[in-house]
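quick one, what's the 3D model for this:
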Amino acid sequence: MSYLAPGSPENVALAQHVNGRLRAESRIVAARAFLFRAAGAGLFAALLGIGVGAAAYGYAYMNQFDSAAERIAAAMQTALSDVTLKTKGEVTLTDNTLRVEGLPKGGNGVPTPTQAQLGQDATPASKAPVNTTFTVFKQVPYLDGQIVSGWNFRANEDKPFQQYCYFSRRSNEPKGQVEIKIDLAMDGKVLPQPQKSDVNLAILATNCVWHDGKSL
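Numbers count the residues shown, from 1 in each chain. All right, here's what the predicted structure looks like:
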């Protein structure tokens, strides 16, 4: 390269040398600037990747607990679908015996209702026929509650026309005593198992007491 500049050849050579030096330094500055820009872009990309990864991990972590909570809620909802809540029962349960205050006992110690208690002459205002039935309960302690079997009899019949079994437990709540009831079986057959339920009806039903003595 040549420059048409006035002066001696030495001045021309010096000017060319200075100009080359300036261009070299300009390239060095440009290279440093590019290096800094590249480093900044790389650091930004790394931080962006870390941020996206942390966000994805946090989302997955929270979603995992939400799924677990949903599964537990669904299981409890299914288990309580057949539950009957009652406040403050009117009978007193002592061990495995249902106590009805004031009920006379027969010669073998088994409670026997009197004719007055059965109210054979009681009729509704409509004068419609009245069917009299009674229920015998059998209780078997289980965990913090009990398995209750009920036998429904018609008057003057020795064989129950219906049998049922359920799990019952009581708990004290701020609003009073609450009874939780889960139906287990009917007439010697286990009820269908609710989906997504932690309560195994078949296992609990092995403690049911049936009138014919047969087991499930």
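
so where's this structure uncertain?
For the chain, applying pLDDT under 70 flags the ranges 1-7, 10, 61-111, 214-216.

pull the longest helix from it.
The single longest helix within the chain, with elements called by DSSP state H, is helix 9-79.

now find how far off-centre that one is within its chain.
In terms of C-alpha atoms, centre = their mean, to the nearest Å, the centre of helix 9-79 is found 44 Å from the chain centre.

tell me what that helix is packed against?
With contacts taken as 3 or more C-beta pairs under 8 Å, 6 or more residues apart in numbering; DSSP states H and E, helix 9-79 sits against no other helix or strand. The C-beta positions use only the backbone N, C-alpha and C, and glycine is treated the same way.

buried stuff in stretch 191-200?
191, 194, 197, 199 (16 or more other C-beta atoms under 10 Å).

which phi and psi does the third one have?
Spelled out, that is residue 197. phi -120, psi 140 (degrees, to the nearest 10).

go on, the second one?
Phi and psi for residue 194, reported as degrees, to the nearest 10, are phi -60, psi 140.

now it: how far from residue 178?
Going from residue 194 to residue 178 by C-beta to C-beta, to the nearest Å gives 21 Å.

same check, this time on the first one
Note on residue 191: its distance to residue 178, by C-beta to C-beta, is 22 Å.

quick one: contacts for residue 191?
Contacts for residue 191 (C-beta atoms under 8 Å, 6 or more residues apart in numbering) come out as 82, 183-185, 201.

one more time with 10 Å
Neighbouring residues of residue 191 by C-beta atoms under 10 Å, 6 or more residues apart in numbering: 82, 164-166, 182-185, 201-202, 205.

need the residues you listed in CSV with secondary structure, neighbour count and distance to residue 134, can you?
What follows is the contacts of residue 191, written out as CSV (DSSP: H, G, I helix; E, B strand; the rest coil; neighbours: other C-beta atoms under 10 Å; distance: C-beta to C-beta, whole Å):
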residue, secondary structure, neighbour count, distance to residue 134
82, helix, 16, 25
164, strand, 19, 14
165, strand, 26, 18
166, strand, 23, 18
182, strand, 22, 24
183, strand, 15, 21
184, strand, 26, 22
185, strand, 22, 21
201, helix, 20, 27
202, helix, 12, 29
205, helix, 22, 24
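
that concludes my questions; thank you for your assistance.
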